[in-house]
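Chemist: have a look; sequence and predicted model below, questions after that.
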Amino acid sequence: MDEFTQLRQYVSRFLTFTEDEWQAHQALLRRRFLKKGEFVLRGGEVCNHVTFLNKGTVRVYNLVNGEELTVNFGFEGNYITDYSSFISRRPTVDYIVAMEDVEILQLAFADMQAAYDRFPVWQKFGRLIAEYILLFTVDRNRSLLYLSPEERYLKLMKDRPKVIAQIPLKYIASYLGITPEALSRIRKRMSDRPD
């Protein structure tokens, strides 16, 4: 398995492409390695790359009044980026930091636009990914607006068990919009319930 196999498998879930289309896409990718604590993206920068996580985990957060508020997590085998900044070419408020050593594949904005012009299949992929991001964002916003903290935690357990299994509780609490103490109380209440 080479460094592009996992990405190829991911893309294949969305669409069918020829070998020439794949090779043209693969040639545009840049492979990078980051150590734990290094940044894929920092607030104030324009997001210039779509990033696929080949190995490792990242956390996305914003700084609000000097406090880190967790927005998302990215895991091996998935994309992570600030798509809004990437498309609008405006500075991001997101920080994307490696939670462990990571291997990433990045596609630059200009290269993606060129791929769109040359290969309609990559335009279709871009649209499908944008739709996926929109659905995720709407679902997340609805959860934060309409669900109680305990309901949000239960939904997270169901929808994203990797977060529960791999992410420290303080970041899970931040992602849920609650304090670590409130999350501890929720977890205790759940463990005290009879099955």
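Modeler: Ah, there it is.
Chemist: for the protein, what spans make up the strands?
Modeler: Under the criterion DSSP state E, the chain contains strands at 30-34, 39-41, 49-55, 57-64, 67-75, 79-80, 95-98, 102-108.
Chemist: any idea how many residues pack against the spatially closest residue to Glu150 that is not a sequence neighbour?
Modeler: What sits nearest to Glu150 in space, not counting adjacent residues and going by C-beta to C-beta, 6 or more residues apart in numbering, is Ile186, at 5.0 Å. All C-beta spots, glycine's among them, are computed from the backbone N, C-alpha and C. If you count neighbours by other C-beta atoms under 10 Å, Ile186 ends up with 20.
Chemist: stretch 139-147: which residues count as buried?
Modeler: Buried residues in stretch 139-147, counting neighbours by 16 or more other C-beta atoms under 10 Å, are found at Arg140, Ser143.
Chemist: so for it, mean pLDDT?
Modeler: For stretch 139-147, the mean pLDDT works out to 95.
Chemist: quick one: contacts of it?
Modeler: If you take C-beta atoms under 8 Å, 6 or more residues apart in numbering as the criterion, stretch 139-147 is touched by Glu151, Arg152, Lys155, Gly177.
Chemist: for the second one, what are its contacts?
Modeler: By C-beta under 8 Å, 6+ apart, the residues touching Arg152 are Ser143, Leu144, Leu176, Gly177.
Chemist: closest to Met99 among the residues you listed?
Modeler: Among the contacts of Arg152, Leu176 lies closest to Met99 (C-beta to C-beta), at 17.3 Å.
Chemist: mean neighbour count and distance to Arg8 added to the strands of the chain, as a markdown table?
Modeler: Output for the strands of the chain, formatted as a markdown table (neighbours: other C-beta atoms under 10 Å; distance: least, C-beta to C-beta, whole Å):
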| stretch | mean neighbour count | distance to Arg8 |
| --- | --- | --- |
| strand 30-34 | 14 | 14 |
| strand 39-41 | 20 | 21 |
| strand 49-55 | 21 | 10 |
| strand 57-64 | 18 | 21 |
| strand 67-75 | 17 | 18 |
| strand 79-80 | 21 | 14 |
| strand 95-98 | 21 | 23 |
| strand 102-108 | 20 | 11 |
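Chemist: mind checking the ones you listed for the one nearest to Phe119?
Modeler: Nearest to Phe119 among those is strand 102-108; the distance by C-beta to C-beta comes to 12.9 Å.
Chemist: so which elements touch the closest one?
Modeler: Applying 3 or more C-beta pairs under 8 Å, 6 or more residues apart in numbering; DSSP states H and E, we find strand 102-108 packed against strand 30-34, strand 49-55.
Chemist: ok and the last one relative to strand 57-64, angle-wise?
Modeler: Angle of strand 49-55 versus strand 57-64, following axes from the mean of the first three to the mean of the last three C-alpha atoms, to 10 degrees, is 140 degrees.
Chemist: helices or strands next to strand 49-55 in the packing?
Modeler: Under the contact criterion of 3+ C-beta pairs under 8 Å, 6+ apart, strand 49-55 touches helix 5-12, strand 67-75, strand 79-80, helix 83-88, strand 102-108.
Chemist: cheers, nothing more for now.
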